[in-house]
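In: I would like the atomic coordinates for the input below:
(chains A and B)
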Amino acid sequence: MFEYKKRLKNNILIIIFLFIALILLSIISVSLGASSVNLKTVIEVLLNKLFNIGEISDLSKVVILDIRIPRVMVAIFSGIALSNAGLLMQGIFQNPLVSPYTLGISNGASFGAALAIVMGLQFTFLGSYSVPLFAFIFAIITMILVNFISRLAKDPSKSLILCGVAVGYLFSSLVSLLKYVSNNNDLPEIVFWTMGSLSNVKIEGTIFITISSIISVGVIIFNAWKFNVITYGKETALSLGVNYKKISRLVFVICTIMVGVTVAFTGIIGFVGLVAPHITRRIVGNDYRILAPAASLVGALLLLVSDTIARNIISPMELPIGVITSIIGVPFFIYLIIKGK
Amino acid sequence: MGKSYKKLLVSLLVAVFIFGLIGCGTDNSSKVKESDTSMKTISTDENKGFSIVDSYDRTIKFERVPKTIAVLNSDIYQLICLLGGKDKVIGISDTVKFPTPPKNAEVLGSWKDVNVEKILEVNPEVLFTYGKYTKEEEKNKLEAAGIKVVFIDSYKFYQMADEVTKVGKILGSEEVAADFNSFVKKYVDIINDRIGSLSEEEKVNVYFEGYSDYKTVGKGSGGQELLDTACVKNIVGDRNEEYPEVSDEWILEKNPQVIIKVVGGSKNILGFGINDSSKAKETYNSLIKRTGWSNLDAVKNNKVYILDNSTTLSAQGSIVGALRIAKNCYPDKFKDINVEDVHKELYSRFYGMDLEGIFAYESDK
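Out: Purely as a prediction, here's the structure:
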C-alpha cells in the first residue's frame, strides 16, 4: 500500500512536471516564427489584450493571436488525440506496434482527401471543408470496414489488425493510383496533404480538434479502470464483470473520432500515435488513470517540439511536420526494438 | 463461378468509379473555335539534313524534316500547333487536349511516364518529351529504334525564344518561329522601355503563389523569370529554392503590394472556354480571407490577381502574363496596352483561332 502511494505521488509529480514543460514550450513556440515577432512582442500583446496596457501593431496582434497561438493549440490537441488513440489501441489489442496507421485510418483519410482534391470539390457547396470532410468520412468508412471484415473471421480481435493492415494497403494503393492519374496541378496538393502540416488548419479545425480530443480524453479517464482490466485480456475482463465487447466498441468509436478529426485537418502525421504511448508507459507504468493524462502531455510535447522545429528550422520556409515527427520518432522506435520494450 | 463473377464485377465497378471521378473534368478545348492551321509557311528545305541542341545540351541530328511527330509535353504540343506542325502529330500524352489533337493521333500514355512499347508501335520520327521524366534506358531503346528523342522543357521565359527556334527548325517552320519570337520581343521591349530602368527600390513588391497554398517561386523557376520579365520584385526572390513553401506570418510581415495567384489544371477556374468567373471569384475570396490578409496593402488596395497558367508558365502564353503583371503593377505606364487584345492577336495570328475564355480575375471594386 505504501509502495502504491509512493508510486502514485511520483506519477502525479511527473504529470505536473510534464504540464509545466508544456506551458514553457508553448511560450517558447509562440515566441518563435518567421516574422520578427519575438518574446517581448508576445508579452506586449498579452499585456495589451489582458490589461489594455501599451500600444501594439496590427501585425503583432494577428501573428500572435490569429496565427501562432491557434497553431500551438492545434499542435497540443492533435498530439493529445493521436497519442491517446495509440494508447487505447495498443492496450486493447495487446500489441505494442498498433497505432492509427496500423488500422488503416490514416490511409483511408488520405484517400478521402486525395479524392476531394482530384474531383475539385472545393468549388462545390462544400468549399474548403471538402478535403477535411472527405478525409473524415473515409476515416470512418475505413474503421467500419475493418471492423466488419474482422467480424467475419473466427477470431475478430486477432484478425482486426491484419484487416486494418490490408485495408490500409488498399487505400494506400488507391491514393497512389490517384496520384498517378492526377495532373501536375493536383499532384503537389495530394503529396502535401499526405506529408501532414499544421499550417493550413483554420479556426474551425482548431475548435473541432480541441473539442474532440478533450471529450475523448475525458471518456478515457472516466473509464480508466475498465481499460486497466481489459489490458489483462478478454477472459480476465469478463471474470471481473467488464463487458469486453462494449469497451472494445467504445475504444473503436473514440479512436475513430480522435484520429478522424485530427487527420482530416492536419494530414498524416506519423509516429506520434506509436511512440508517445511507449514513452509514457516507460515513465508512469500501465495505470490508465495516470497513463491517459501523461500520454496526452507527452503527445502534445512531441508534436509541439516537432512543429516548432518544422516552422523555424528553414524559416520562412516550412518543413512538413510528418518529416520531423518521424526523424524524432524513428530513432526512439529502433531503440525500443533493440531493448525489446 | 458465381463468387468469382461477383469479384470481377466489384473490381470493375471500383475501377469505373475511380476513373469516372477522375475523368469528370470538362474538356474545354472543344469550345474554342479552330480553323485550319496547316497553312503555315514551311521554309526549310525538307530533305536537307540539320542538327539542333535540345534543352539538355544534347545534339540531335536530323537527315530531313520529320513527317511524323509524337509529343508528351502539352506546352510543346501547343508550340507545334503554333508553328504549323499539328498535322504531323501522330502520338500524344493523355494531358494533350488543346488545341484539339488530330483525330488519328494515338494516346501514348501519361506525360510523366514514357511508354516505350506504345511509342515504338506508333513509330514517330521524332518524340518531344520532358528530359526530367525520361529514363536513360527508355531513351536508348527509342533511339535504337531510330526515333529522335528531343527534350524540351518549355516553361522558362528566358529559354523560350531559343526553344521556339529549335522546334521551328525541326518542323521546318523557321520563319513562323522567327515571326513569333519577334511578336514576343516587341512586347518585352515595350516593358523594358517603360519600366526596365526602375531601381530595386522602385519596383513593386509581389507575392506570387502557385497552385498550392503558400507555395511560391524562387531563383531559377519559370515564375521568377516571368516576374523578372515584368520588372517586379519577388518578395522571396533572394532565396535559392525554386518552389519554396513560405510561412503565412512571413508574408504578413513582408506586406506585398501585389499578390498573384496562378490557377490551372482540371479545376477549370480560368482558361480556354471558361465563360463563368464564379470559381475564380471563390478562389479570390478565399485568398483575401486568409488569416491577417485584410491588413496587407495588396488586399486593402484591391491588388490581388488570379491568372490562368496558360498565360504565365507556358512557352507561347507567358508574354501575355508578363504584360498583365506589368500592367497590374504599373497601370499608369501601360494605359495604352490592352492585354486582352494582345492575347487575342496571339491566337488569331499564330493559331488561326478566336480566343474564348477568361484568363484573369481581379476585384470588381
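In: Count the neighbours of B:V339 for me.
Out: The burial count assigned to B:V339 is 22, neighbours taken as other Cβ atoms under 10 Å in any protein chain shown. Just so you know, the C-beta spots here come from the backbone N, C-alpha and C atoms, and that holds for glycine as well.
In: Please apply the same query to A:R68.
Out: Summarising burial for A:R68: neighbours were counted as other Cβ under 10 Å, giving 22.
In: Within the helices and strands, which one has the spatially closest residue to it that is not a sequence neighbour?
Out: Excluding the flanking residues, the one nearest A:R68 by Cβ to Cβ, 6 or more residues apart in numbering or on different chains is A:V30, at 4.8 Å. In this structure, A:V30 sits in helix A:2-31 according to DSSP states H and E.
In: For that helix, name the packing helices and strands.
Out: Here helix A:2-31 touches helix A:39-51, helix A:69-92, helix A:272-284, helix A:288-312, going by 3 or more Cβ pairs under 8 Å, 6 or more residues apart in numbering or on different chains; DSSP states H and E.
In: what's downstream of the second one, the next helix or strand?
Out: Proceeding C-terminally, helix A:69-92 gives way to helix A:105-118 as the next helix or strand, assigned by DSSP H and E.
In: ok, now the last one?
Out: Following the chain from helix A:288-312 toward its C-terminal end, the next helix or strand by DSSP H and E is helix A:321-339.
In: Just to be sure, B:G218 is in a helix?
Out: No. Remark: B:G218 does not belong to a helix; assigned using DSSP: H, G, I helix; E, B strand; the rest coil, it is coil.
In: mind listing what it touches?
Out: B:Q224, B:N234, B:V236, B:G237, B:R239, B:N240, B:E241, B:E242, B:Y243, B:P244 (Cβ atoms under 8 Å, 6 or more residues apart in numbering or on different chains).
In: Go ahead and confirm the residue nearest to A:R68 touches A:I69.
Out: Yes. With contact defined as Cβ atoms under 8 Å, A:V30 counts as touching A:I69 (6.0 Å).
In: between those two, who's got more neighbours?
Out: Ranked by neighbour count (other Cβ under 10 Å), A:V30 and A:I69 place A:V30 first, with 23 against 18.
In: How about the contacts made by the more buried one?
Out: Contacts of A:V30 (Cβ under 8 Å, 6+ apart): A:V42, A:I64, A:R68, A:I69, A:V72.
In: out of the contacts of B:G218, which are buried?
Out: B:Q224, B:N234, B:V236, B:G237, B:R239, B:E241, B:Y243, B:P244 (16 or more other Cβ atoms under 10 Å in any protein chain shown).
In: Which residue comes closest to the first one once chain neighbours are left out?
Out: Nearest-residue entry for B:Q224: B:V217, 5.1 Å, with adjacent residues in sequence omitted and distances by Cβ to Cβ, 6+ apart.
In: Report the central residue of the chain.
Out: Unless you meant another one, I'm taking chain A. Nearest to the mean C-alpha position of chain A, by Cα atoms, centre = their mean, lies A:L82 at 2.4 Å.
In: actually it's chain B I care about, not the one you picked
Out: By Cα atoms, centre = their mean, the most central residue of chain B is B:S314, 2.6 Å off.
In: From A:K49, how far off is it?
Out: According to Cβ to Cβ, to the nearest Å, B:S314 and A:K49 sit 49 Å apart.
In: What is the neighbour count of the residue nearest to A:R289 when sequence neighbours are not counted?
Out: Nearest residue to A:R289, sequence neighbours excluded (Cβ to Cβ, 6+ apart): A:A224, at 4.3 Å. Neighbourhood size, A:A224 [other Cβ under 10 Å]: 17.
In: Could you do B:K186 as well?
Out: Residues within reach of B:K186, counting by other Cβ under 10 Å, total 11.
In: repeat for the one 5 residues further on
Out: Around B:I191 there are 22 other residues, counting by other Cβ under 10 Å.
In: Confirm for me that it is in contact with B:L323.
Out: Yes. If you go by Cβ under 8 Å, B:I191 and B:L323 touch, sitting 6.9 Å apart.
In: So for those two, which residues contact both of them?
Out: Overlap of the contact sets of B:I191 and B:L323 (by Cβ under 8 Å, 6+ apart) consists of B:A230.
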